[in-house]
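# Kindly generate the corresponding structure for this input.
(2 chains)
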There are 2 protein chains.
Amino acid sequence: MAIACPKLQLRFLGLARSLPSLARQPLPCLLPARSSPIPVLRAVRRTAKARALSAVKDDQSLSSIITELEQEQEEDETAAGEDVTRRLPERWSEIHGRDDWAGLLDPMDPLLRSELIRYGEFAQACYDSFDYDPFSRYCGSCKYNRRRFFSSLGLEGIGYEVTRYLYATSNINLPNFFTKSRAGAKIWSQRANWMGYVAVSDDETTARLGRRDIVVAWRGTVTRLEWIADLMDFLRPVTSVGIPCPDPSVKVESGFAELYTDKDPTCRFCKYSAREQLLTEVRKLVELHSRAGEEVSISVTGHSLGSALAMLSAYDIAEMGLNVGEGGERVATTVFSFSGPRVGNGHFKERFEGLGIKAIRVVNVHDTVPKVPGILFNERVPAFLRRLAEALPWSYSHIGVELPLDHRRSPFLKETVDPSCFHNLEAHLHLLDGYHGKGHRFVLASGRDPALVNKACDFLKEHHMVPPFWRQDENKGMTRAHDGRWGQTDRREVDDHPEDTQHHVQRLGLADDHHH
Amino acid sequence: MAIACPKLQLRFLGLARSLPSLARQPLPCLLPARSSPIPVLRAVRRTAKARALSAVKDDQSLSSIITELEQEQEEDETAAGEDVTRRLPERWSEIHGRDDWAGLLDPMDPLLRSELIRYGEFAQACYDSFDYDPFSRYCGSCKYNRRRFFSSLGLEGIGYEVTRYLYATSNINLPNFFTKSRAGAKIWSQRANWMGYVAVSDDETTARLGRRDIVVAWRGTVTRLEWIADLMDFLRPVTSVGIPCPDPSVKVESGFAELYTDKDPTCRFCKYSAREQLLTEVRKLVELHSRAGEEVSISVTGHSLGSALAMLSAYDIAEMGLNVGEGGERVATTVFSFSGPRVGNGHFKERFEGLGIKAIRVVNVHDTVPKVPGILFNERVPAFLRRLAEALPWSYSHIGVELPLDHRRSPFLKETVDPSCFHNLEAHLHLLDGYHGKGHRFVLASGRDPALVNKACDFLKEHHMVPPFWRQDENKGMTRAHDGRWGQTDRREVDDHPEDTQHHVQRLGLADDHHH
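Numbers count the residues shown, from 1 in each chain, chains lettered A, B, ... in the order given. Okay, here's the model as predicted:
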């Protein structure tokens, strides 16, 4: 199948890294130019915004810049009389990669941009809700009740409902990824980490999208990049972890495979593997909604290590045949990946794409994470050499279509050498909002608040006066009781798994499946 | 006048420091033993508490320990049928140092302990309300409106009302003390830092105390101890900053003197010096309440550098004759000092005490701050040597009565080498609560929540599971507006000075007084 441009460059990574400017040169040939649906309006908007942006001076606050931008935008929209998202139902397949995003990336398609940001925000929600505090009894869990997940995050209007939380066991070889409480006992779980959720569009949103959209969002890590060093860089066949692939040469990095499939029978949160939790939930939702005669889609998203899980789980869904409705119709399955590492070998990539799953990978060219594992042998190695290396256990290949962004293009971001800034998901969403195509000027398309960038990093220029790492709970979640004492509030419940999980695990033929 | 023991030890500081155990030995001679008013009850209580404390194990939560303590205490109080604070009106003079606290410190008098904690909490309120965030437009100010000061801090029941905020100019030579915003413009003030407040007891509390109590609380610094290095260690006559002392050999450290007396006519917050702000307010309040026939007291408190300002300002109040009521009656003036550095020379100490001001200094023997300035020549040097050195500009003397505590006595605190822990005010209040006298076992008297210790440091043993540095605002004060944008909320006003300040400055004869 046709693969979009950046992956065909076949340059040695070393070269690209020593000459980073190369990565930012326009690639004129491979992506056909695509004219904007509203070219005149667009020109007007750009001029207005360019003016607004040129006004970014030392003492201008973010809010005044953005107010100016939005005023222009409102004028634009009044003039156009429509919002690009209104065309979502008819353009859904295209936006979800039917044509491998050919022609949508340069210049950047406004609807695709807004959809990428929308799915990125589902992944971001995993970070914003995660309890990182080692002094919390709920460290490693989701801070919010499943039923109030989006509203607790101030995302009341998102139009989706979380149907299930996903957990993984921390008893695996990624010690620097897992977040552990320092409390010896009396914590919510000794073994589990909350890893994400499954959500489904509500009726109103379903009408707006033109289908029932199932979102799977996997958590990665915002700041701690040490987990990369834990990757064993060792490929194992997906069949060895119970995924029913006919080809034993299809392999994925063993750490990701274990994270996805390991379980711990002693823990009520991870007595089912993340895989079992996800597959049973997807099966239930696809059945429920396709039986009702609705068109269904599956959109899997994740950042960083969460992207690896997104790739692996989307592949698994297809390999298990769960992306098929009651009437045998295909359920479009798409991965929206952010700053993702490589996941498997070339056979994995071929099988993944052969199953019809689509993946778009948003990366910052300065971020290290998408360069691992497979720093030596990967899809950039010339084809003949790659074939040769395919047999080696450390020959990895990226999947899908890459959308390379460059944080140096944003006038809001400061110079830094901090790799966790380059890797930050909110920074990627900000870069998306300003991206109009290679060589195009950085202009915020939606006016998405750049202040969000500093939620969990220190990346905005100081004169914007947005505190670094500003997302924090009041008094670290300590509250004062009636008797005047301070303590962490007890949670009534931490969501675990529905009672019919075992039933569905059996229906999927996973019951006796233990790969160890 | 008689001076209580620790100041008479006259040991070389160097010796005391190399043999720290010396400092913790009981000093049997100078403090007459004082029997507890309720000895039997006390013994019961101790046993119960010792039992409770012995239960402090790795997995016991703070709240369960404290619940046990308080249950015991309630039983005690029921048995006694009274609360020690009921005797406050009759014991006020004694508690405020009439007899230089002789006999109240070992064993520790329960009412004095509770009063020391109460005044310490006024000083702590300065930290809890201060805006430290360099990314805030209000950095260096008090976060709360004056009229809602105590209620914003959850101290609704404190029974005092803040009548005035105190500011100082940052244009002086203590760069590491002042907190400055990184914003170039559009901030509340380029030059000022909020330094504390004046409060006065409300009618109900006045009835309970037996007098109208004016509290002056000065802010110091919780964590940043670098300001110590800025002290010029240079004594200047108090007359040189306009304090009308008849003796030109009365000298104080020049940095403290400048902080107290400097002003900046271009700034609406510090166009009056902290001295002018304070003296006019004290004058007004003493006049108002003594005219109404009430007995009035002045209680000045501060921690760290705030203690230096407390000493200096209490002295100034007396030197200016403001501690005299309408009928010529003396207004008792007492300093409750926490972790304070030395302030002036031996003549300053003599003049201070000669004016009848009382000062009690609560220190942690491991804290460095009370050892500066005057690390070489101070009140511990043998008298003959001290006389010799008195002419030198770096011969300092502590004032008043010291209450030495030792953080190693608290079973709640962990081993650390962090000097900002040793210096922390909340830690001192915790140590006070557990202090019953030299050689006595550490037992929490009131059950004051030890979790408070970790508000702004990392000092509690980890198994108590209280997050370090837990006092923080939600999202660093960023809030989301209706349009979805994040920003710091605008404050309607920042309190400055009453309009009659100039009038009162003139009445006090300070109008033409500028010492530069």
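# in terms of contact, does residue A:274 touch residue A:167 like I think?
Yes: shown here, residue A:274 and residue A:167 form a contact pair, counting by Cβ atoms under 8 Å, at 6.7 Å. All C-beta atoms are positioned from the backbone trio N, CA, C, and that covers glycine.
# out of these two, which sits in the more crowded spot?
Neighbour totals were compared for residue A:274 and residue A:167, and residue A:167 leads with 31 against 24 (other Cβ atoms under 10 Å in any protein chain shown).
# check contacts around that one.
For residue A:167, the contact set (Cβ atoms under 8 Å, 6 or more residues apart in numbering or on different chains) comprises A:192-195, A:269-270, A:274, A:277, A:496.
# how about 10 Å then?
Counting by Cβ atoms under 10 Å, 6 or more residues apart in numbering or on different chains, residue A:167 makes contact with A:140-142, A:189, A:191-196, A:263-264, A:267-274, A:277, A:494-497.
# Just the ones of those in helices?
Counting by DSSP state H, the members of the contacts of residue A:167 that fall within helices are A:274, A:277.
# Which of the contacts of residue A:167 fall in strands?
A:192-196 (DSSP state E).
# Bridged to the residue nearest the centre of chain A, which residues?
Nearest to the mean C-alpha position of chain A, counting by Cα atoms, centre = their mean, stands residue A:302 at 2.4 Å. Counting by DSSP bridges, residue A:302 forms beta bridges with residue A:218, residue A:337.
# Would you mind confirming that it makes contact with residue A:125?
No: applying Cβ atoms under 10 Å, one finds residue A:302 not in contact with residue A:125, separated by 11.5 Å.
# Which residues are in contact with each of those two?
A:196, A:217, A:219.
# any chance of those in CSV, with pLDDT and neighbour count too?
CSV is the format used below for those (pLDDT from 0 to 100; neighbours: other Cβ atoms under 10 Å in any protein chain shown):
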residue, pLDDT, neighbour count
A:196, 97, 34
A:217, 98, 29
A:219, 96, 28
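# just these that are near chain B?
Contacts with chain B within these, counted by Cβ under 10 Å from any Cβ of the partner chain: none were found.
# Most neighbours among the ones in strands among the contacts of residue A:167, please name it.
residue A:196 (34 neighbours).
# Tell me how far that one lies from residue A:164.
Per Cβ to Cβ, to the nearest Å, residue A:196 is found 10 Å from residue A:164.
# Touching both of the two, which residues are there?
Common neighbours of residue A:196 and residue A:164 (Cβ under 10 Å, 6+ apart) are A:216, A:277-278.
# Pick out whichever of the residues you listed sits closest to residue A:91.
Nearest to residue A:91 among these, counting by Cβ to Cβ, is residue A:216 at 22.1 Å.
# give me the element that closest one is part of.
Using DSSP states H and E, residue A:216 maps to strand A:212-218.
# Just give me how far that strand sits from the chain centre.
Computed by Cα atoms, centre = their mean, to the nearest Å, the chain-centroid distance of strand A:212-218 equals 11 Å.
# what about stretch A:445-464, distance to the chain center?
The answer for stretch A:445-464 is 19 Å, by Cα atoms, centre = their mean.
# Point out where the stretch 201-350 of chain A drops to low pLDDT.
Counting by pLDDT under 70, the stretch 201-350 of chain A has low-confidence residues at A:222-224, A:232.
# let's see it at 90
A:221-235, A:267, A:325-327 (pLDDT under 90).
# Going by residue numbers, what spans are helices in it?
For the stretch 201-350 of chain A, the helices defined by DSSP state H, counting those that start in this stretch cover A:203-209, A:227-230, A:254-261, A:274-291, A:305-319, A:346-354.
# Can you give the contact residues for the second one?
It refers to helix A:227-230. The set of residues external to helix A:227-230 that reach it, using Cβ under 10 Å, 6+ apart, is A:172-178, A:220-221, A:255, A:304-305, A:341, A:368-369, A:371-373, A:419, A:423.
# Restricted to helices, list the residues you listed.
Short answer: the contacts of helix A:227-230 in helices (DSSP H) are A:255, A:305, A:419, A:423.
# Would you confirm that the third one contacts residue A:225?
Yes: between residue A:419 and residue A:225 a contact is recorded at 6.1 Å, counting by Cβ under 10 Å.
# Find residues that contact each of these two.
Here residue A:419 and residue A:225 share the contacting residues A:367-369, scored by Cβ under 10 Å, 6+ apart.
# which residues of the stretch 51-200 of chain A fall in strands?
Per DSSP state E, counting those that start in this stretch, the stretch 51-200 of chain A carries strands over the ranges A:160-169, A:192-201.
# from the ones you listed, which stretch is densest packed?
strand A:192-201 (a mean of 26; mean count of other Cβ atoms under 10 Å in any protein chain shown).
# which residues of the stretch 1-150 of chain A score low on pLDDT?
Using pLDDT under 90, the flagged stretches of the stretch 1-150 of chain A are A:1-86, A:132, A:134-137.
# In it, which residue sits nearest chain B?
residue A:135 (3.8 Å; Cβ to the nearest Cβ).
# what residues are up against that residue?
Going by Cβ under 10 Å, 6+ apart, the list of residues near residue A:135 reads A:181-183, A:476-478, A:488, B:454, B:460, B:462, B:464-468, B:470.
# Off-centre distance for stretch A:284-301?
Stretch A:284-301 has its C-alpha centroid displaced from the chain centroid by 20 Å (Cα atoms, centre = their mean).
# What's the end-to-end length of that stretch?
End-to-end span of stretch A:284-301 (Cα to Cα, to the nearest Å): 19 Å.
# quick one on the thing from earlier: out of the shared contacts of residue A:302 and residue A:125, which comes closest to residue B:328?
Once Cβ to Cβ is applied, the member of the shared contacts of residue A:302 and residue A:125 that ends up nearest residue B:328 is residue A:219, at 72.9 Å.
# list the buried ones in stretch A:129-137?
For stretch A:129-137, burial by neighbour count (16 or more other Cβ atoms under 10 Å in any protein chain shown) applies to A:129-131, A:133-137.
# sorry, that was for stretch A:411-419
When burial is assessed from 16+ other Cβ under 10 Å, stretch A:411-419 yields the following buried residues: A:412-413.
# Can you name the residues of the stretch 401-516 of chain A sitting close to chain B?
Going by Cβ under 10 Å from any Cβ, the residues of the stretch 401-516 of chain A near chain B are A:447-452, A:454-455, A:460, A:462-478, A:480-481, A:483-488.
# Inside strands: which ones of those?
A:478, A:480, A:486-488.
# rewinding a little: now the angle from the strand holding residue A:216 to helix A:274-291?
170 degrees (axes from the mean of the first three to the mean of the last three Cα atoms, to 10 degrees).
# can you pull the alpha-carbon coordinates of strand A:212-218 into PDB?
What follows is strand A:212-218, C-alpha atoms only, in PDB (Å, rounded to 0.1, in the frame of the first residue of the first chain):
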ATOM      1  CA  ARG A 212     -20.900   5.900  17.000                       C
ATOM      2  CA  ASP A 213     -17.200   6.500  17.800                       C
ATOM      3  CA  ILE A 214     -15.500   4.300  20.300                       C
ATOM      4  CA  VAL A 215     -12.400   5.900  21.700                       C
ATOM      5  CA  VAL A 216      -9.600   4.000  23.400                       C
ATOM      6  CA  ALA A 217      -7.000   6.300  25.100                       C
ATOM      7  CA  TRP A 218      -3.800   4.900  26.600                       C
END
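# other SSEs contacting that strand?
Packing contacts for strand A:212-218, counted by 3 or more Cβ pairs under 10 Å, 6 or more residues apart in numbering or on different chains; DSSP states H and E, involve helix A:110-128, strand A:160-169, strand A:192-201, helix A:203-209, helix A:274-291, strand A:296-303, helix A:305-319, strand A:332-338.
# could the ones you listed go into JSON lines alongside distance to residue B:259?
Compiled in JSON lines, these are given as follows (distance: least, Cβ to Cβ, whole Å):
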{"stretch": "helix A:110-128", "distance to residue B:259": "42"}
{"stretch": "strand A:160-169", "distance to residue B:259": "54"}
{"stretch": "strand A:192-201", "distance to residue B:259": "50"}
{"stretch": "helix A:203-209", "distance to residue B:259": "60"}
{"stretch": "helix A:274-291", "distance to residue B:259": "59"}
{"stretch": "strand A:296-303", "distance to residue B:259": "49"}
{"stretch": "helix A:305-319", "distance to residue B:259": "51"}
{"stretch": "strand A:332-338", "distance to residue B:259": "51"}
